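In: Kindly return the folded structure for what I paste below:
(one chain, ligands or ions: 1)
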Amino acid sequence: MKFFLDTANLDQIREANAMGVLDGVTTNPSLMAKEGISGKENCNKHYVEICNIVEGGEISAEVIATDYEGMIKEGHELAALHKQIVVKVPCTADGIKAVKQLSSEGIKTNCTLVFSVGQALLAAKAGATFVSPFVGRIDDISGDGIGLVADIVEMYHYYGFETQVLAASIRHTRHIIECLEVGADVATCPLSAIKGLLKHPLTDSGLAQFMADYEKVNKK
Ligand code: E4P
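Out: Presented below is the predicted three-dimensional model:
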């Protein structure tokens, strides 16, 4: 399973990248706003900076337009910024049409704001590179976010779709484990959820014991 970092924060992207386990980054207009980045020029510069930090990674940059023509225009501009850019498009009627067109031009796409198997079917039929079911937001309204990821994975395998299932809106470490269990291709996570994978009391106590035993025989 690939790991993407779900943030536009450059320090966190550098930190995760330095761990050597990062395969990409996802951003959205809310995440860009959180970092105080505004205006097309600044946003574009920021996307390029992320691409340069995560060498070879897949970096999702979301269109702002909601109509087909606007999405295509923005999609072309974003894709031209850097070869690592994946154009993120909302799962609407115009969005599906835009995914179809951009994909047919060889531009990578991430169909976002997906909350049902039916939406995931349309994204795959349009040729999306990634489909993003929002796990946490479904859980927030008492739904089964991981269940949706599992259903999409199963449907794609059954019909042989190549679109990768990118579990988004991941809120904590347990979500990552559940993504592994149901066969998600990618999980895009906050840095805290990735770091949570490292936590184990037996690792901490084992290391403390090793250090103590080393000190016993090596102290002057
Ligand atoms: C990433 O592609 C999504 O935009 C993001 O995971 C949404 O996360 P949120 O539901 O925590 O805002």
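
In: what comes up buried for the helix or strand containing residue 16?
Out: Assigned by DSSP states H and E, residue 16 falls within helix 10-18. Residues 12-13, 16-17 are the ones in helix 10-18 that count as buried (16 or more other C-beta atoms under 10 Å). Backbone N, C-alpha and C define where each C-beta goes, glycine included.

In: Now do the longest helix seen in the chain, average pLDDT.
Out: Criterion DSSP state H: the longest helix present in the chain is helix 201-218. Across helix 201-218, pLDDT averages out at 97.

In: Quick one: residues in contact with it.
Out: Applying C-beta atoms under 8 Å, 6 or more residues apart in numbering, helix 201-218 has no contact partners.

In: burial count for residue 191?
Out: 18 (other C-beta atoms under 10 Å).

In: Against residue 208, how distant is it?
Out: Note on residue 191: its distance to residue 208, by C-beta to C-beta, to the nearest Å, is 25 Å.

In: coming back round to it: which residues touch the next helix or strand after the helix holding residue 16?
Out: Proceeding N to C from helix 10-18, the next assigned helix or strand is strand 24-26, under DSSP H and E. The contact list for strand 24-26, computed with C-beta under 8 Å, 6+ apart, reads 2-8, 13, 50, 54, 57-60, 84, 86, 88, 110, 132, 166, 168, 186, 188.

In: Emit the PyMOL select command for whichever of those are buried.
Out: Under the burial definition 16+ other C-beta under 10 Å, those of these that qualify are selected in PyMOL by:
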select buried, resi 2+3+4+5+6+7+8+13+50+54+57+58+59+60+84+86+88+110+132+166+168+186+188
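
In: Considering only the contacts of strand 24-26, which also neighbour the ligand?
Out: With C-beta under 6 Å from any ligand atom as the criterion, the contacts of strand 24-26 include 6, 132, 168, 188 near the ligand.

In: Among the residues you listed, which ones are in strands?
Out: 6, 132, 188 (DSSP state E).

In: Tell me what the first one is bridged to.
Out: When bridges are assigned using DSSP bridges, the partners listed for residue 6 are residue 26.

In: From residue 24, how far out is it?
Out: For residue 6 relative to residue 24 (C-beta to C-beta), the value is 10 Å.

In: Need the contact partners of stretch 121-132.
Out: With C-beta under 8 Å, 6+ apart, stretch 121-132 has contacts from 26, 60, 86, 88, 91, 96-97, 99-100, 103-104, 108-114, 119-120, 152, 155-156, 159, 161-168, 185-186, 188.

In: follow-up on the earlier one: could you name every residue contacting both of residue 6 and residue 24?
Out: Counting by C-beta under 8 Å, 6+ apart, the shared contacts of residue 6 and residue 24 are residue 188.

In: can you tell me which residue is nearest the centre of the chain?
Out: The residue lying closest to the centre of the chain (C-alpha atoms, centre = their mean) is residue 188, at 3.3 Å.

In: picking that back up, alpha carbons only: can I get the helix holding residue 16 in PDB?
Out: Extracted C-alpha coordinates of helix 10-18, given in PDB (Å, rounded to 0.1, in the frame of the first residue of the first chain):
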ATOM      1  CA  LEU A  10       6.000  21.900   3.800                       C
ATOM      2  CA  ASP A  11       7.600  21.100   7.200                       C
ATOM      3  CA  GLN A  12       5.500  18.000   7.600                       C
ATOM      4  CA  ILE A  13       6.100  16.900   4.000                       C
ATOM      5  CA  ARG A  14       9.800  17.300   4.500                       C
ATOM      6  CA  GLU A  15       9.600  15.300   7.800                       C
ATOM      7  CA  ALA A  16       7.600  12.400   6.300                       C
ATOM      8  CA  ASN A  17       9.800  12.400   3.200                       C
ATOM      9  CA  ALA A  18      12.900  12.100   5.300                       C
END
